[in-house]
Structure formats: C-alpha cells, structure tokens
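**Student:** Below are the sequence and a predicted model for it; my questions follow.
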Amino acid sequence: MAWRTDTLPLLGPAPCWDSLGDSTMSDLFGDRRTEVEEQSLQANPRDREPSYGQCRITSYKDDDPRRQVTLRVHRLDGLRGTDAHEWPQEFLAAGMVSLGDGLPGMTSSSRAWLALPQSCTGRDGTGRDEFTGPTVVDIGMGQAGLDTGSEYDREDRAALTRTVVEAANGVIREFGCSGTYRTPRTLPALVDRQDTKTNAPCAGSRASPSQRRTARLWSRLASATTAGPPGSASPVAPTPPSYG
C-alpha cells in the first residue's frame, strides 16, 4: 500500500485523505510543526483483509515529538472475532459518549470512532453477511483512559469529534460516495459508572464477568450504528458474541 509523508504547512491536499481542515489541525496540535504519514485507502490485495488505510500525524516542539494522532479506516471483524475484545475495550469504554445527532459513533478525550454507511462500503465478500461488522474510521490519541471532565478533556473530546467527522467525510468522498456527516453542536454528558445489581439480567448467566462486559460493549456498538449520512443507507451493526 502506498504511503506519503508531508510536513505542514502543505500546499497540496489536506492531511488524511484531504479531510482535515486548518482549524481542526490547530485544535489538535496548536501552532506546532507537524508531520503527516498517510497510507492510501485500498483493500489489502494480498489476503483481502478488511483493512483500508491509516494516517498518522505527529507534532513536534523543536525536534521532540509532543502529540501523535492515528486515524484508521477498517472493517470490524465479526467473523473471526479479532475485534471482539481489544477494540471494544478501547472504543466502547466507559469514558466514551455518543456523538449524538444521529451519528453512528462515539468519542472521548483520547478515542473516537464513526461508522461509514453500508451503501458506501458494501459487504466484505465472505458470503456470511451476518458476521460482517461496520467499516469505521477510528482515532487514537495517547493512552486510552477515562475522561476526568476537566476543561482539557472537554477540549480534546471536542477536537477529536470534529476530527473523526471530517475524516469520515473525507473517506466517503475518497470512496466515491455521496452524503456527509454534520459535526454535532453539543455532546452528551459523561455517564456515571454504576455497579451491576445482583438481580440484573446477566447476574445469573453462565458467562464470566469479562464475557458479560464484552457483550455489553458490543451491544453499545450495535445500538450506536443506526444511522448514516443524509441520503445514505445505515451501517450494519456487528453481531455480538454469544456465551450461552
């Protein structure tokens, strides 16, 4: 897959598939020098893995790296289960909040994701559509963790929200599809964590605590992937694991 590396300011296309505007870059990195490593968007020709590309932006103070943001475009694997644990633990964690406004995604101060419409990405060619997860644009910035609700976290959460929406719109254009997502005007408040009650539906199941947590996380993903951009079909939610 083709990569290109650029140092901002650029005279050519905007970073990450010509998607991120100057104001979004400023919100993420301030006025620091940045370097962009961008992988072209295409399916893996060797083994047809559901992976499309990645873009990494690193900011520097003098010669020291200060902040790095990584964007990925990939289809969540519902067939072999490779995204059943690690991806939900990062991108459906307790510190994530829904993007709201009908957007099929979530955000925090360190992670964000947005599902692309199925009408744009199609099926994965396996013939087992019930196991096909949505194609998502996801963003990682630093170590994943709970938001504290501080002003810094709120600013980072807002910046990642704008970034994931702009990146998803850029990918939609790159794929030759129509429709755009709108950046939400406000984000829902953080949800307080609550202990599971002993009479809750999962309390008497044979699943282990970690399995029940994974099932709850996939349920959150399924409920979030319910809408696409105006004029497009909805993304397909993945099938959560079953533990009997």
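**Tutor:** Alright, I've got the coordinates.
**Student:** CA atoms for contacts and neighbours, from now on please.
**Tutor:** Will do.
**Student:** What's opposite the spatially closest residue to residue 105 that is not a sequence neighbour in the beta bridge?
**Tutor:** Of all residues not flanking residue 105 in the chain, residue 114 sits nearest, at 4.2 Å (C-alpha to C-alpha, 6 or more residues apart in numbering). On the basis of DSSP bridges, residue 114 is bridged to residue 105, residue 137.
**Student:** Over to residue 59?
**Tutor:** Residue 59 has these beta-bridge partners by DSSP bridges: residue 34, residue 67.
**Student:** quick one: contacts for the residue nearest to residue 105?
**Tutor:** Applying C-alpha atoms under 8 Å, 6 or more residues apart in numbering, one finds that residue 114 lies in contact with 103-106, 136-138, 164-165, 168.
**Student:** Which of the residues you listed has the largest number of neighbours?
**Tutor:** residue 105 (30 neighbours; other C-alpha atoms under 10 Å).
**Student:** Buried residues, the longest helix anywhere in the chain. List them.
**Tutor:** With secondary structure taken from DSSP state H, the chain has its longest helix at helix 151-174. By 16 or more other C-alpha atoms under 10 Å, the buried positions in helix 151-174 come out as 153-154, 156-173.
**Student:** what pLDDT, on average, does that helix get?
**Tutor:** Taken as a whole, helix 151-174 has an average pLDDT of 93.
**Student:** returning to what we had before: kindly present the contacts of residue 114 as a markdown table, with separate columns for distance to residue 23.
**Tutor:** Output for those, formatted as a markdown table (distance: C-alpha to C-alpha, whole Å):
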| residue | distance to residue 23 |
| --- | --- |
| 103 | 21 |
| 104 | 24 |
| 105 | 22 |
| 106 | 21 |
| 136 | 23 |
| 137 | 20 |
| 138 | 20 |
| 164 | 14 |
| 165 | 13 |
| 168 | 17 |
